[in-house]
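Participant: sequence isn't available, so here's the structure alone:
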């Protein structure tokens, strides 16, 4: 699908609805507006014997060297390896140049000699001091493993160790405010356990089939656990401004590529073999890491292949602070996204400075869709106050299910900044599935996403429709800190069963959460053990457009892409007709029914309820009723006075007739003489 960018122009009804939405958004917690915390980061790396097969080139070593080299000074970090036992590879402490040097050297000790995979011991030893929350500290843990919990030769001991992770260690990490990011290296790992650790703590979970992507994945992990200022790269060219005190160039290389060189603003070129003063060059087989102290301002160029993961990270007095999105978001959940520039910790709000600042947020979905947003500081649309140095936009309709990459770009004419963040968006607040246990038994397993629903408020009601028509209702109990589980026996009822699940709870901000999953038909007797069936929300029915409707525009089945409007709205499109994108061709003369049939089913999106129009109509009706009541209150005394005057006039008329003197009788006619 070709990426597209479009802009929406709100009608009056939409503007009213957005005003109401903004009032509601004010009640939400402002993401990323608190003082920047100190990062405490702990990395746990599996060195069990199975790693010889899943990571034969031992790419964990360069991946760890990249990660530790990028960590900002002032953070605290440590690295542990685990197999049968747990070893502290890099001592936990403040990150500085000496710590980074030790970490790079220690990474060479990573091996694949462990006999077991004792995840429990690694978690226990690496986080022994994380027992309660700490103000001003952001705690993150990265766990990399390729196997199951394996502590002994007996399965019972492995199961007991796994249970202790979920019933003892995980609740402690949750209480201490720890975010767990988990990486499953191979399909043989305990993906369920890793996914539960991440979901229960608001972390990121990812499975990779090959270690070839480890270095880039650790770059993504770095961008999740530490906020670093970076500069935008265009065709490997970057503009360095005079506020930069240090610049670090990360350059990924393809196999067989020529050595990387850097061209400075004065036109001089240098490589690893001839470094100017103040330049430190670290080379790996797949990437280069070049750090330049006090780089001269101007245009720098990387002489290497263009790569989307190339980065230029900087230490600067002119910092960009922006909203840190949660790793998990709900479909359509409104989010205020803000950006501010700071000098020595203070927001820059000078109009003479901000008038040249242009802030753009680009959102790319994993299906190829693209949206672009302009953030403003003019007190209009989503921005709450003009000229306060805080640029704002609102995200809602573009938050569709899937994985999205948000790329932020700030252009101040004389300086530039950017940032990247990956987010997963879900259409339901839990991961739910039906597991066949064999012999007619099955289990319903529910893992809530802590970012989408507070587990302490979660309530789950299960409806089980049996083949004989009997309907039973069950509460799904909590099995541990990350999982809700209910096992049922259907051996005496062969045939097709149906399962539905009602979910109720609240988000961390108190917003109510409700969802209905299913019904899902399945036959527990016909399925082999361990077969899993996802339990998802029912699809919304699609209805063909009426025959009298206008022919749809091209790509009518594709999702509409919206962006923040410019302040001069364009004329609204006529009813039942969407304005085509500028790059689209005119609509073909295709009858509506045929056009609907031609659209691929997987590209269709269910029609959404226009809450803006509904709320706008309610507001308009309320205003109309209030106006009528106000007019009635003002006019009622006048109407009453007029009615009283008429009644008085009617009563005075008979009385006047009675009091009036009788007319003299007419004179008799004169008699003839």
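Facilitator: Alright, I've got the coordinates. Predicted model only: the values in this text are computed from it and were never measured. Numbering: from 1, shown residues only.

Participant: wasn't residue 160 part of a helix?
Facilitator: Yes - under DSSP: H, G, I helix; E, B strand; the rest coil, residue 160 falls within a helix.

Participant: and it, how far from residue 271?
Facilitator: Taking C-beta to C-beta, to the nearest Å as the measure, residue 160 falls 56 Å from residue 271. C-beta coordinates here come from the backbone N, C-alpha and C atoms, glycine included.

Participant: show me where the stretch 351-500 of the chain has strands.
Facilitator: Secondary structure of the stretch 351-500 of the chain, counting by DSSP state E, counting those that start in this stretch: strands at 358-365, 370-375, 390-395, 402-411, 416-426, 430-438, 441-448, 459-465, 471-475, 484-489, 497-506.

Participant: ok, and what's touching the shortest one?
Facilitator: Meaning strand 471-475. Under the contact criterion C-beta atoms under 8 Å, 6 or more residues apart in numbering, strand 471-475 has outside partners 459, 460, 461, 462, 463, 464, 465, 466, 486, 488.

Participant: okay, the residues you listed in a markdown table with distance to residue 218 next?
Facilitator: Below are the contacts of strand 471-475 laid out as a markdown table (distance: C-beta to C-beta, whole Å):
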| residue | distance to residue 218 |
| --- | --- |
| 459 | 39 |
| 460 | 36 |
| 461 | 42 |
| 462 | 40 |
| 463 | 44 |
| 464 | 44 |
| 465 | 47 |
| 466 | 50 |
| 486 | 38 |
| 488 | 42 |
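
Participant: out of the strands of the stretch 351-500 of the chain, which is closest to residue 258?
Facilitator: Among the strands of the stretch 351-500 of the chain, the nearest to residue 258 by C-beta to C-beta is strand 416-426 (26.9 Å).

Participant: before we move on, back to that, pull out the buried residues from the contacts of strand 471-475.
Facilitator: The neighbour-count test (16 or more other C-beta atoms under 10 Å) applied to the contacts of strand 471-475 identifies 460, 462, 463, 464, 465, 466, 486, 488 as buried.

Participant: tell me which two of these sit farthest apart.
Facilitator: 460 and 466 (19.5 Å).

Participant: OK, contacts around residue 356?
Facilitator: Going by C-beta under 8 Å, 6+ apart, residue 356 touches 412, 413, 414.

Participant: residue 485 reaches residue 445, doesn't it?
Facilitator: Yes - using C-beta atoms under 8 Å, residue 485 is in contact with residue 445, at 5.2 Å.

Participant: neighbour count: the two, which is higher?
Facilitator: Applying other C-beta atoms under 10 Å to residue 485 and residue 445 shows that residue 445 carries more neighbours, namely 21 against 15.

Participant: for the helix or strand where residue 157 lies, name the packing helices and strands.
Facilitator: According to DSSP states H and E, residue 157 maps onto helix 155-164. Contacts defined by 3 or more C-beta pairs under 8 Å, 6 or more residues apart in numbering; DSSP states H and E place helix 155-164 against helix 119-126.

Participant: give me the below-cutoff pLDDT ranges for this protein.
Facilitator: Residue ranges of the chain with pLDDT under 70: 1-35, 526-531, 539-673.

Participant: spatially central residue in it, please.
Facilitator: By C-alpha atoms, centre = their mean, the mean C-alpha position of the chain lies nearest to residue 329, the distance being 3.9 Å.

Participant: widest-spaced pair of the contacts of strand 471-475?
Facilitator: Top of the distance list for the contacts of strand 471-475 (C-beta to C-beta): 459 and 466, 23.5 Å.

Participant: contact partners for the residue lying closest to residue 55 once chain neighbours are set aside?
Facilitator: Spatially, and ignoring its direct neighbours in sequence, residue 55 is nearest to residue 211 (4.1 Å; C-beta to C-beta, 6 or more residues apart in numbering). The contact partners of residue 211, taken as C-beta under 8 Å, 6+ apart, are 54, 55, 56, 57, 59, 60, 185.

Participant: ok, the second one to residue 367 distance?
Facilitator: In this structure, residue 55 and residue 367 are separated by 31 Å, where distance is defined by C-beta to C-beta.

Participant: and the two? Which one has more around it.
Facilitator: For residue 55 versus residue 367, neighbours defined as other C-beta under 10 Å are more numerous around residue 55 (24 against 15).

Participant: OK, contacts around the more buried one?
Facilitator: By C-beta under 8 Å, 6+ apart, the neighbours of residue 55 are 112, 146, 185, 211, 214.

Participant: got CSV for these, with distance to residue 311 and secondary structure too?
Facilitator: CSV is the format used below for the contacts of residue 55 (distance: C-beta to C-beta, whole Å; DSSP: H, G, I helix; E, B strand; the rest coil):
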residue, distance to residue 311, secondary structure
112, 29, coil
146, 27, coil
185, 23, strand
211, 21, helix
214, 17, helix
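
Participant: and the residues you listed, which two are furthest apart?
Facilitator: Distance extremes for the contacts of residue 55: the farthest pair is 112 and 214 at 13.8 Å, using C-beta to C-beta.

Participant: compare the two (neighbour count), which wins?
Facilitator: residue 214 (25 against 19).

Participant: the more buried one and residue 208 touch, don't they?
Facilitator: Yes - assessed by C-beta under 8 Å, residue 214 is found in contact with residue 208 at 7.3 Å.

Participant: what touches both of the two?
Facilitator: Contact criterion C-beta under 8 Å, 6+ apart; residues shared by residue 214 and residue 208: residue 185.

Participant: go through stretch 409-427 and flag the buried ones.
Facilitator: Within stretch 409-427, the residues that qualify as buried are 409-412, 415-426, counting by 16+ other C-beta under 10 Å.

Participant: same thing with stretch 204-214?
Facilitator: Within stretch 204-214, the residues that count as buried by 16+ other C-beta under 10 Å are 204, 205, 206, 208, 211, 214.

Participant: quick one: which of those is nearest residue 525?
Facilitator: Residue 525 lies nearest to residue 205 out of these, by C-beta to C-beta, at 32.6 Å.

Participant: hang on, isn't that closest one packed against residue 192?
Facilitator: No - judged on C-beta under 8 Å, residue 205 makes no contact with residue 192 at a distance of 10.4 Å.

Participant: what lies in contact with stretch 438-447?
Facilitator: Here stretch 438-447 has contacts from 195-196, 199-200, 430-437, 460, 462, 476, 482-492, 494, 499, 501, 522, 524-525, 528-529, 535, using C-beta under 8 Å, 6+ apart.

Participant: got a quick PyMOL command for the buried subset of those residues?
Facilitator: One line in PyMOL is enough to select the buried ones among the contacts of stretch 438-447; burial here means 16+ other C-beta under 10 Å:
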select buried, resi 195+196+199+200+430+431+432+433+434+435+436+437+460+462+476+482+483+484+486+488+490+499+501+522+524+525+535
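
Participant: list the contacts of stretch 109-125.
Facilitator: Stretch 109-125 is contacted from outside by 44-52, 55, 58, 60-61, 64, 80-86, 88-89, 143, 145, 147-152, 161-162, 164-165, 169, 173, 193, using C-beta under 8 Å, 6+ apart.
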